[in-house]
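A.B. asks: Mind folding the following:
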Amino acid sequence: MELPDLGKHCSEETCKQLDFLPLKCDVCKQYFCKDHFTCAAHKCPFAYKKDTQVPVCPLCSRPIPVKKGEIPDMVVGEHMDGDCRGRPGKKEKVFTFRCSKKGCKKKEMLPVACDQCRGNFCFQHRHPLDHSCTHVSRAVGIAG
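C.D. replies: Sure thing, here's the model as predicted:
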């Protein structure tokens, strides 16, 4: 017992082991042994202060900034109640580009424009001959 003040006891209630190289939790400022120094191991009540994950709004899919010390669930809830641009229950249309060929009701995800008449067409009518293009230039015949 030459050095009675050397080391510290683990702050975990179920452990209390005397540790000569104790580790201090940088969140709750208590000392722990090597088995209990992580926030998860000693169930640190202030672990959310150290969590650096950025929550994403489930309605508008935007990241919501959270300041240190704030509870992420509360901040996301305030965003959803206030300035959230998401519309629950309303889905945006994917197929919005309707075919310009008369009688065709197909829609595409991307615009497929004709280089000659500038009309928008489905994949079936994308070629000038398929949609009876009015600006068709004379095709050069293949000799042979």
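A.B. asks: Show me where this structure has its helices.
C.D. replies: 72-81 (DSSP state H).
A.B. asks: For Y48, which residues are in contact?
C.D. replies: For Y48, the contacting residues are I71, P72, by C-beta atoms under 8 Å, 6 or more residues apart in numbering. Just so you know, the C-beta spots here come from the backbone N, C-alpha and C atoms, and that holds for glycine as well.
A.B. asks: ah, wrong one, I meant H79
C.D. replies: Residues counted as contacts of H79 (C-beta under 8 Å, 6+ apart) are C57, I64.
A.B. asks: Now for F37, how many residues are close by?
C.D. replies: Residues contacting F37 under the criterion other C-beta atoms under 10 Å number 21.
A.B. asks: Report the contact partners of it.
C.D. replies: L23, C25.
A.B. asks: Next one: it from K8, what distance?
C.D. replies: 12 Å (C-beta to C-beta, to the nearest Å).
A.B. asks: Would you mind splitting this structure into its domains for me?
C.D. replies: Domain assignment of the chain by the TED database yields the ranges 7-51, 52-85, 94-134.
A.B. asks: mean pLDDT for those: which is lowest?
C.D. replies: Sorting the domains of the chain by mean pLDDT places domain 52-85 lowest, at a mean of 84.
A.B. asks: May I see the buried residues of it?
C.D. replies: The neighbour-count check on domain 52-85 (16 or more other C-beta atoms under 10 Å) flags I64, V66, V76, H79, M80, C84 as buried.
A.B. asks: Generate TSV for those, with distance to V27 as supplementary columns.
C.D. replies: Shown next, in TSV, are those (distance: C-beta to C-beta, whole Å):
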residue	distance to V27
I64	22
V66	16
V76	22
H79	25
M80	28
C84	30
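A.B. asks: Of those, which pair is most distant in space?
C.D. replies: Greatest spatial distance among these (C-beta to C-beta): V66 and C84, at 15.2 Å.
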